[in-house]
Structure formats: C-alpha cells, structure tokens
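Colleague: Make a model of this:
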Amino acid sequence: MFTVTTEQMNKIQASMSQPLEAQNAVFENLELNPYDNYENSEPEFLLVIQKEDINDFLRNVQEHPDEYEFFPKERNDELKNSSQLTPEEIMFLKQTFIKDVMADECSECAAVARLTDGNLSFYAVYYEAVWGQGGLNINKFFGFFRTDEAARDAMNNQEDVLITDGYE
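Modeller: Have a look, this model is predicted:
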C-alpha cells in the first residue's frame with residue numbers, strides 16, 4: 001500500500017477518465033518507491049511472462065532438440081525429422097520455462113497496488129522487476145482503477161502475456 005496526499009489522490013481521480021498517457025504522467029509524478037508497497041504486507045508473487053517468449057522457447061526446442069537435455073536421443077531424432085511436440089511435452093516444457101523464469105531474480109512481476117490518503121483508495125496496476133544492483137523498479141504502468149477487482153481484471157487480461165503464480 002502506498003500512502004499519498006489528498007492532493008495526489010485528487011489528481012489520480014481526475015486522470016482516471018483520461019487516456020493512459022495522462023494517467024501515466026500522474027503516476028510518474030507520484031515518484032513511488034515500489035518497496036513501499038510491501039512495507040505493511042507480504043508481496044503477491046505474480047510472474048509476467050510474454051507468451052511470445054514461451055512460443056520462442058517451444059520453437060527452439062522443436063527445431064534444435066539436441067541443444068536441450070529434455071528428451072532421450074531417440075525422441076530428439078524424431079523431433080529433428082519433423083515430428084511435433086506432444087501436448088504432454090508442451091506442458092512439460094512450459095512448466096520448465098516458468099520454473100526458469102521464477103528462478104531468475106530479475107523476472108518481471110505484476111503488481112496491484114493500493115493508493116490511499118487515509119480516506120479514499122484507488123488501485124494502480126504496473127509491472128516491476130529488479131534491475132540488478134539498482135533494486136526493485138517499476139517497469140510499466142497500466143492504469144488507475146477504482147476497485148481492487150477492476151485492477152486485477154485489467155492485470156489478468158493483458159494481451160499476449162501470461163500472469164502466473166508459477167503453477168500453471
């Protein structure tokens with residue numbers, strides 16, 4: 001949760017009916033420290049994985065199975081000879097990819113943050129990631145929302161992105 005001033009809340013509220021660019025300007029002027037969102041609560045760990053990244057990984061395994069140690073030699077030979085990955089293999093590879101992303105300390109995560117001045121609350125959706133020694137930073141802002149439910153719906157409905165707790 002972020003604590004902001006009443007003046008900042010008024011600017012947030014006024015920007016909510018405007019395009020994302022206007023909301024983003026208000027968001028940037030808040031100069032929020034993402035660590036503050038976790039000061040009084042345990043962070044929710046939701047990975048952001050570009051679907052294209054998963055598809056690229058699957059395509060690479062399909063095209064160059066010998067570069068990976070997922071399957072026995074016989075299966076690698078079949079894949080090299082135009083055999084397609086089975087649904088079970090695809091599920092296994094997706095889970096492997098997600099585990100690898102989870103292990104990466106610089107993975108991007110989705111956040112729904114409550115902003116309040118003590119009287120009124122709104123919610124912001126953004127992506128955050130660790131930038132090496134630069135620590136946790138906000139990568140991309142997706143808008144302000146009146147309710148937590150609306151913010152979570154917006155977060156979960158991102159196009160071409162998989163938002164996961166790591167168990168899909």
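Colleague: The residue most central in space within the chain sits in which helix or strand?
Modeller: The centroid of the chain falls nearest to residue 48 when counting by CA atoms, centre = their mean (2.6 Å). Element membership for residue 48, per DSSP states H and E: strand 46-50.
Colleague: Quick check: buried residues in that strand?
Modeller: Applying a neighbour-count criterion of 16 or more other CB atoms under 10 Å, one finds 46, 47, 48, 49 buried in strand 46-50. Bear in mind the C-beta positions are built from the backbone N, C-alpha and C, glycine included.
Colleague: Tell me which residues touch the first one, please.
Modeller: Yep, that's residue 46 we're talking about. Residues near residue 46 by CB atoms under 8 Å, 6 or more residues apart in numbering: 109, 110, 111, 155, 163, 164, 165.
Colleague: For it, give me the pLDDT.
Modeller: According to the prediction, residue 46 has pLDDT 83.
Colleague: Can you pull the poorly scored residue ranges out of the chain?
Modeller: Confidence mapping of the chain against pLDDT under 70 gives the ranges 41-45, 165-168.
Colleague: returning to that earlier point: mark which of the contacts of residue 46 are buried, thanks.
Modeller: Buried members of the contacts of residue 46, counted by 16+ other CB under 10 Å: 109, 110, 111, 155, 163, 164.
Colleague: ok, so of those residues, who is nearest residue 102?
Modeller: If you rank the buried ones among the contacts of residue 46 by distance to residue 102 using CB to CB, residue 164 comes first, at 9.0 Å.
Colleague: Now the closest one: closest residue in space that isn't a chain neighbour?
Modeller: Leaving aside its sequence neighbours, residue 164 sits nearest to residue 47 (CB to CB, 6 or more residues apart in numbering; 5.2 Å).
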